[in-house]
Each structure stands twice: as structure tokens, then as C-alpha cells.
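Asker: Provided below for reference: sequence and predicted model.
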Amino acid sequence: MSSTELPGVRSTTEPSTPVGAVRVAEGEQVRTVSLPGLELNVRHRPPLRTGLPPALFVHGLGGSSQNWSDFMAQLADTVDGEALDLPGFGWSPPPADRDYSVTAFARVVIRHLDAAGRGPVHLFGNSLGGAVSTRVAAVRPDLVRTLTLVSPALPELRVQKSAVPTALLAVPGVAGLFNRMMRGIGAEQRTRGVTELCYGDPSRVTPEGFRNAVEEMERRMALPYFWEAMTRSSRGIVDAYTLGGQHGLWRQAQRVLAPSLLVYGGRDQLVSYRMAHRAAAAFRGSRLLCLPEAGHVAMMEYPGVVAAAFRELLNDTGTGESDRYTENGRG
């Protein structure tokens, strides 16, 4: 589980420039990808040199591709990075079939990679995006070179109390109740609450990052499909938690073949820190990065630390070599 749009911990190298409704950091590019019944906003960080392997970043519940901007900048010398807005979030409109399940989102990622011909990629996922990425890696191992999960939303037997309100969105009628209860609460107060929920140390957020997040909160709340996307996506997570057999997320985690990096925050209020070792046991040969001071979005709070751990994964497994990518006939 994750958040509504989150503020960045610090500014990018240069001030962000609004392009239409989309905020684009210096050095980024944004484009629209159209597929049958689907339209996706895709944020691209061109690599610092040619020949680097591709990467794809998938955000969490209520987030957007912008959650990965600072982290993609950290890896511009390592990968050719793209981050997409899942349907109904960021600047991507709702899916035509109104299917917000984890399986549907995984299908979106697969369709995008197949259409773009970018696979295999280094796949990253945060929270809901972690569950989606796990499913993609399990069912389409040919599309995934490595898998990096930041606080992945995998089933927990004991949900943390602080995560209960998000889970309650899956209950019919609760979203409408929340909406009525929050009518008198302004975008700044809502953003502050989200920040306190998702960050281990909210004081790390810069004033500029907070202002941008408030602006985005105002935009998101004005969208006619905001609560639908939040409600149905929350329901999709709960449904995924209850699936058993080969479609269960823990069973699929055991099927992942790609080298994996798991990142957990000690102050995470949405995904329990205690799940870290269970995840490390489920993903074969995985490595675990525990950050005691981080919250739910470690890639935003400590982008340099997480990027360094990812580079170590590449170095130790030999999966970051650009010539290997070219040898596969995709360079």
C-alpha cells in the first residue's frame, strides 16, 4: 500500500518545469503511449551514455511516475530509465475496462514492454508497484533482468494499524464516507498527513517538494475518477492478498528467477518491517537492504543509498553489462 502523490525529499539538479499539467524535472522527457483500450503517461530519463540497459519503474497506490524522478537521476549513468503512470494515476486516464486489479496492472506493464520492445528490463516496484512487479517477473521472466522491490505490498497476516484506513478503502461505501469526512480538509493538510504516514522522517522533505506535492494533491482531488481509482486499486490489493495456489503473491515470489533486491524501511507504517526476512526467504538468492530510518518510500528518502545497493547487485550478478544486452539482439 502506498500514498497519494508524495513530495520529493529534495529538489532535482535543476528546478522542475511544468509542461501542461505534467511536472517534468530538468533532463526528463514525458510522452503518451497509446495501446488498445489503454493510454499511459511515460516519464523517461535519457541515460548519460548510449548502450545502457533499460529499466522500468512502477509506483505505488496513489503515487505516480514522479515518485521515481530523483532515483532515476541517480541511475542515469547505469540504466536507461522509464517510469510509467499506472492507469488512473498520475497523468494516465482510467483503463477502459475499469479493472484496477494487481493482475490487470501487471498486464499493463507487460503490454507496454512488449509493445516497446524494451525487455528484458531492470524492473523496480514500490508498494502496490512491488506486487505488480512480482507478478510480472513470475509470469514473464523473459521481460525481467533484475527485480528491485521497495516495501512491496505482499500479503501480511497482521496488518499494521496505520495501514488499516488504506485497506478500508476496499470496503464498499467507505470511499464515499472518507470523501465526505475530508471535504473540509485542505490540500496542504492532506499532503502533510500523507507525508507523515509515508516518510520515516518528514523533515527531509524540502519546502519546494512539499509545495509541489500540495499542488499535485489539489489536481488529483479534482479528477472525477480519483476515488474510483483509489477504491478499486485498494480492493485489487486485498483481492490479491486472498488469492491462493499458483496465483498467490508469495507463491509467485518463489517463482521469480531474476536476481532480486528487497528494500525495507524500519519506520514503514504501511508495510511491516518484519516482513523483510520472509520476503528474503521467498525470493530465491535475493539480497536484503534494511534502512532503519526509512519509511515506505526509501527510494525517495534515500535515493543514493538504494541506487548504490542496486549497482552492487549488478556488479555481483553481472546483469548490468551493456554488451550482454546487445548480445540478446535488443541493443
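Answerer: Sure, I can see it. Source: prediction; values computed, not measured. Numbers count the residues shown, from 1 in each chain.

Asker: Touching, R251 and G245? I think so.
Answerer: Yes. The pair R251 and G245 passes the contact test of CB atoms under 8 Å, sitting 6.9 Å apart. Quick note: C-beta positions are derived from backbone N, CA and C, even for glycine.

Asker: most residues in a single helix of the protein, which one?
Answerer: Secondary structure of the chain per DSSP state H: the longest helix is helix 226-242.

Asker: looking only at pLDDT, what's the mean for that one?
Answerer: For helix 226-242, mean pLDDT rounds to 88.

Asker: How far does that helix sit from its chain's centre?
Answerer: 15 Å (CA atoms, centre = their mean, to the nearest Å).

Asker: More neighbours: R251 and G245, which one.
Answerer: R251 (14 against 6; other CB atoms under 10 Å).

Asker: Give the buried residues for the strand or helix carrying that one.
Answerer: If you go by DSSP states H and E, R251 is part of helix 249-255. Neighbour-count burial for helix 249-255, counted by 16 or more other CB atoms under 10 Å, picks out L249, W250, Q252, A253, R255.

Asker: Kindly report the same for stretch 303-321.
Answerer: So, applying 16+ other CB under 10 Å, buried residues of stretch 303-321: P303, V305, V306, A307, A309, F310, R311, L313, L314, T317, T319, G320.

Asker: And stretch 23-35, by the same measure?
Answerer: Those would be R23, V24, A25, G27, E28, V30, V33, for stretch 23-35 by 16+ other CB under 10 Å.

Asker: Are we agreed that the first one is in a strand?
Answerer: Yes. Secondary structure of R23, determined by DSSP: H, G, I helix; E, B strand; the rest coil: located in a strand.

Asker: For the stretch 201-331 of the chain, which segments count as strands?
Answerer: For the stretch 201-331 of the chain, the strands defined by DSSP state E, counting those that start in this stretch occupy 260-265, 287-291.

Asker: and the ones you listed as JSON lines, adding mean neighbour count and distance to V109?
Answerer: Below are the strands of the stretch 201-331 of the chain laid out as JSON lines (neighbours: other CB atoms under 10 Å; distance: least, CB to CB, whole Å):
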{"stretch": "strand 260-265", "mean neighbour count": "26", "distance to V109": "16"}
{"stretch": "strand 287-291", "mean neighbour count": "18", "distance to V109": "23"}
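
Asker: As TSV, those strands with distance to I185 would be great.
Answerer: Formatted as TSV, the strands of the stretch 201-331 of the chain follow (distance: least, CB to CB, whole Å):
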stretch	distance to I185
strand 260-265	26
strand 287-291	31
